[in-house]
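J.: sequence-free structure coming up:
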């Protein structure tokens, strides 16, 4: 069986117009010619894609599956064209990373360091975003890679026919408070102000799972940015759950104290995600370099 590209456009026109005659007009053919084309698709596939008894245009179950695939192919093509229009001009390619807010400072520069020595003309653009925003950017071609906190349940919600992912690291997230004159300012066994991630941030649900109905707190401040939370902790405004990498220096200098890690710390996986279709050898090289470095 040979796949004809025009099948995709015929199916999408039929789904959009909900009418054989209007779909035929959209595809610039006669109604009889368009009907024969749909019949040819069914003959080639060996099954019906339209319900013949329906007064309206109605796809069979098999037709729905075929239609969904047609939409995905169209989306992938449009994304690729959009990507090329945005990013490849005069042979210059900017590599765009969408990165979770709390990973943009300490973590990302260390992670990306191997590329700086391998690629002399490397040009990077960093877009701070939460996981949902990052997936939208990745899907519409506005970024090349997404680096974010994630778990297997969330990954299964992605269309894995179009995305590839690799686990980078398991990040420890710690509850910390200010140390003032050798004394910690807040404790988990007393009421405390919580410096929280905003509700759209992935780490918010992780922290909530650890502390809800277990600790006595009030939310004082919310933000996507772990760096902002760190600064507020250093000002003595409350307790925050922060990635260990972000606060290691302050902990060693005894500016911050880690609270009860037996009950209230947790570990969260960090992934790098890209589209399955690679439109640049450089992007493929970057992916392989970063994945290989993590495997060492």
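T.: Structure's in. What do you need? No experiment lies behind these values; they were computed from the predicted model shown.
J.: find the helix or strand that the residue of the chain most remote from its centre is a member of.
T.: Computed with CA atoms, centre = their mean, the maximum C-alpha offset from the centroid of the chain is found at residue 32, amounting to 44.8 Å. Following DSSP states H and E, one finds residue 32 within helix 31-45.
J.: repeat for residue 207
T.: helix 202-211.
J.: what's that helix packed up against?
T.: With contacts taken as 3 or more CB pairs under 8 Å, 6 or more residues apart in numbering; DSSP states H and E, helix 202-211 sits against strand 145-149, strand 163-180, strand 192-197, strand 240-243, strand 266-275. Where C-beta positions appear, they are placed from N, C-alpha and C, glycine not excepted.
J.: against which helices or strands is the fourth one packed?
T.: Applying 3+ CB pairs under 8 Å, 6+ apart, we find strand 240-243 packed against strand 163-180, strand 192-197, helix 202-211, helix 226-234.
J.: which residues touch the shortest one?
T.: For strand 192-197, contacts defined as CB atoms under 8 Å, 6 or more residues apart in numbering pick out 177, 186, 203-204, 207, 211, 215-224, 226, 229, 232-233, 237-241.
J.: on that earlier part again, any buried residues in the helix holding residue 32, and which?
T.: Across helix 31-45, burial judged by 16 or more other CB atoms under 10 Å covers 34, 37-38, 41.
J.: and for stretch 98-115?
T.: In stretch 98-115, counting by 16+ other CB under 10 Å, buried: 98-108, 111-112, 114-115.
J.: go through those and flag which are in helices.
T.: Residues of the buried residues of stretch 98-115 located in helices (DSSP state H): 107-108, 111-112, 114-115.
J.: how about those residues in a markdown table, adding pLDDT?
T.: Below are those laid out as a markdown table (pLDDT from 0 to 100):
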| residue | pLDDT |
| --- | --- |
| 107 | 87 |
| 108 | 88 |
| 111 | 86 |
| 112 | 84 |
| 114 | 77 |
| 115 | 77 |
